[in-house]
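Chemist: sequence plus the predicted model coming up.
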Amino acid sequence: MSQDFAQPIVGEYTRLREDLDIETLVEPGQPERFVLRDRDSEESFVLGKRELLVARMFDGMCSIERIVERLRVEHAMRASAATVKQFEERMLALGILTDPSRPSASRVVKPRSQSAGITYGPFKRVLMITLFRFDPHEMLTAMMARMPWLATRAAFGAFGVLVAAACVMLGVNARAFTHDLVSVYSTSFAWIPIHYAVVIASIVVHEFGHALACRAYRVRVTEIGVAVYVVIATGWAWPVQREWSRLDKTARAVTIFAGPFASLVFAAVAVFVWAWAAPGGAARYCATVAIASPSLALIPTLLPIFNGDGYLAMTELLNMPRLRQRAFSAFTALMRGRRVSLTRRETLTYTAMVIGTLGGWLIVWANVARIAVSAVSAFQPH
């Protein structure tokens, strides 16, 4: 870098947002690209290598003319001021760049991605512990190469038959399964480590269900992750938002419910393992947990009071994206004495969402407290 470029510039220009995490997107046979992800909203953007290079030059200190000169001197890239200006406007529109001199051109309120994982309550940033996260692209590519039928309607029908057969199997053996269920969950807390192992495995299967459906519609999923919020395991699959948003409603519905369907398939396989395993054995014990835990985990996923698949489906049905954020923004404004102009439909929907969400948080935290007290009591000497 020349001495001239190192000198500070008076005033501030457009700059690349500092709250974006930048990760390399590796796709065999494709040029190198990068995922820029908002840490708060979990919204993602994909830029090419040159695009990211130019975006990084918007550091708040360089004018358009200086960026043009830096590209020429430092990188032997020729670009006109008009071209760089068009790039700046596009990045501002996407919310990748921010301009303090033009607040209207910068994204002030960052919408939360609709594909985000379940939110169980406040303090998520502090209490959420990420167990692992990975880019599923290569794994999906390998799966589709070996099993190209996996994301087809025929496979969906076959898995549906498997789930139905498992339900019949469980109904026929309801008394024996109830006995095993009571034996596992009421005698001790030995089920806890098996529970977490099974739930984490089912979450991965659940998120791969979303990812496979996205793959079928040519939507890239850049990350699958699993975390624990207090004592509750949760997961997420992050598609590229611009690609997912271009899907029609039917395709979005398929990608939304592919996750819960994958969880049902996971539990269905466990039903047949349970039926095959000898009563009282380790395989039967693990299979019982593998049936119960993922099935119970589907409840918060499908309830709209959490940010799971049920909430996302409801926002699609009502055509009200970011419903929870809008509802709480209106609620907060009213609590502060501000006037909020809402239609009757918005008033009823927002009220139901706020009450449902607060009630859901209360239920979850009450159960977390109950489990914690029970666990402490169980390990105390008598």
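Modeler: Nice, I can see it.
Chemist: contacts, neighbours, all on C-alpha from now
Modeler: Will do.
Chemist: low pLDDT regions in this structure?
Modeler: Low-confidence segments of the chain (pLDDT under 70): 1-11, 26-30, 39-43, 101-126, 187-191, 371, 375-376, 378-382.
Chemist: for the stretch 251-382 of the chain, what spans make up the helices?
Modeler: Taking DSSP state H, counting those that start in this stretch as the test, the helices found in the stretch 251-382 of the chain are 282-302, 309-318, 323-335, 344-379.
Chemist: mind listing what's buried along the longest one?
Modeler: When neighbours are counted by 16 or more other C-alpha atoms under 10 Å, the buried residues of helix 344-379 are found to be 346, 347, 349, 350, 351, 353, 354, 356, 357, 360, 361.
Chemist: which elements pack onto it?
Modeler: Under the contact criterion of 3 or more C-alpha pairs under 8 Å, 6 or more residues apart in numbering; DSSP states H and E, helix 344-379 touches helix 323-335.
Chemist: please enumerate residues in contact with the helix it packs on?
Modeler: 111, 112, 315, 339, 340, 349, 350, 351, 353, 354 (C-alpha atoms under 8 Å, 6 or more residues apart in numbering).
Chemist: how does it look with 10 Å?
Modeler: 111-112, 114, 304-307, 311-312, 314-316, 320, 336-342, 346-347, 349-354, 357 (C-alpha atoms under 10 Å, 6 or more residues apart in numbering).
Chemist: between it and helix 344-379, how many degrees?
Modeler: 100 degrees (axes from the mean of the first three to the mean of the last three C-alpha atoms, to 10 degrees).
Chemist: please parse this protein into its domains.
Modeler: Per automatic domain parsing, the domain ranges recorded for the chain read 3-105, 124-304, 322-382.
Chemist: give me whichever of these is most buried.
Modeler: Of all the domains of the chain, domain 124-304 has the most neighbours on average by mean count of other C-alpha atoms under 10 Å, namely a mean of 17.
Chemist: any idea how far that domain is from the chain center?
Modeler: In terms of C-alpha atoms, centre = their mean, to the nearest Å, the centre of domain 124-304 is found 15 Å from the chain centre.
Chemist: please tabulate the helices of the stretch 251-382 of the chain in CSV, including the columns distance to residue 157.
Modeler: CSV is the format used below for these (distance: least, C-alpha to C-alpha, whole Å):
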stretch, distance to residue 157
helix 282-302, 20
helix 309-318, 21
helix 323-335, 33
helix 344-379, 34
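Chemist: ok, back up a step: could you dump the buried residues of helix 344-379 into JSON lines and include distance to residue 97?
Modeler: Output for the buried residues of helix 344-379, formatted as JSON lines (distance: C-alpha to C-alpha, whole Å):
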{"residue": "346", "distance to residue 97": "32"}
{"residue": "347", "distance to residue 97": "34"}
{"residue": "349", "distance to residue 97": "34"}
{"residue": "350", "distance to residue 97": "31"}
{"residue": "351", "distance to residue 97": "35"}
{"residue": "353", "distance to residue 97": "32"}
{"residue": "354", "distance to residue 97": "32"}
{"residue": "356", "distance to residue 97": "36"}
{"residue": "357", "distance to residue 97": "33"}
{"residue": "360", "distance to residue 97": "36"}
{"residue": "361", "distance to residue 97": "35"}
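Chemist: now flag whichever of those residues is closest to residue 290.
Modeler: Each of those was checked against residue 290 using C-alpha to C-alpha; the closest is residue 360, at 24.8 Å.
Chemist: and the gap between the closest residue to that closest one other than its chain neighbours and residue 321?
Modeler: Nearest non-adjacent residue to residue 360, counting by C-alpha to C-alpha, 6 or more residues apart in numbering: residue 305, 6.1 Å away. In this view, residue 305 and residue 321 are 15 Å apart by C-alpha to C-alpha, to the nearest Å.
Chemist: over to residue 347?
Modeler: For residue 347 relative to residue 321 (C-alpha to C-alpha), the value is 15 Å.
Chemist: got it, and residue 277?
Modeler: Residue 277 is 46 Å from residue 321, where distance means C-alpha to C-alpha.
Chemist: what about the strands in this protein?
Modeler: Along the chain, the segments classed as strands by DSSP state E run 15-16, 20-25, 33-38, 44-48, 97-98, 128-134, 221-229, 232-239.
Chemist: nearest to residue 183 among these would be which one?
Modeler: Using C-alpha to C-alpha, the strands of the chain put strand 232-239 closest to residue 183, at 22.4 Å.
Chemist: and that closest one, which strands flank it?
Modeler: Strands that pair with strand 232-239, judged by DSSP bridges, come out as strand 221-229 (antiparallel).
Chemist: the partner strand to strand 128-134, inter-axis angle?
Modeler: Going by the same axes, to 10 degrees, strand 221-229 makes 150 degrees with strand 128-134.
Chemist: now the angle from strand 221-229 to strand 44-48?
Modeler: Using the same axes, to 10 degrees: strand 221-229 against strand 44-48 is 140 degrees.
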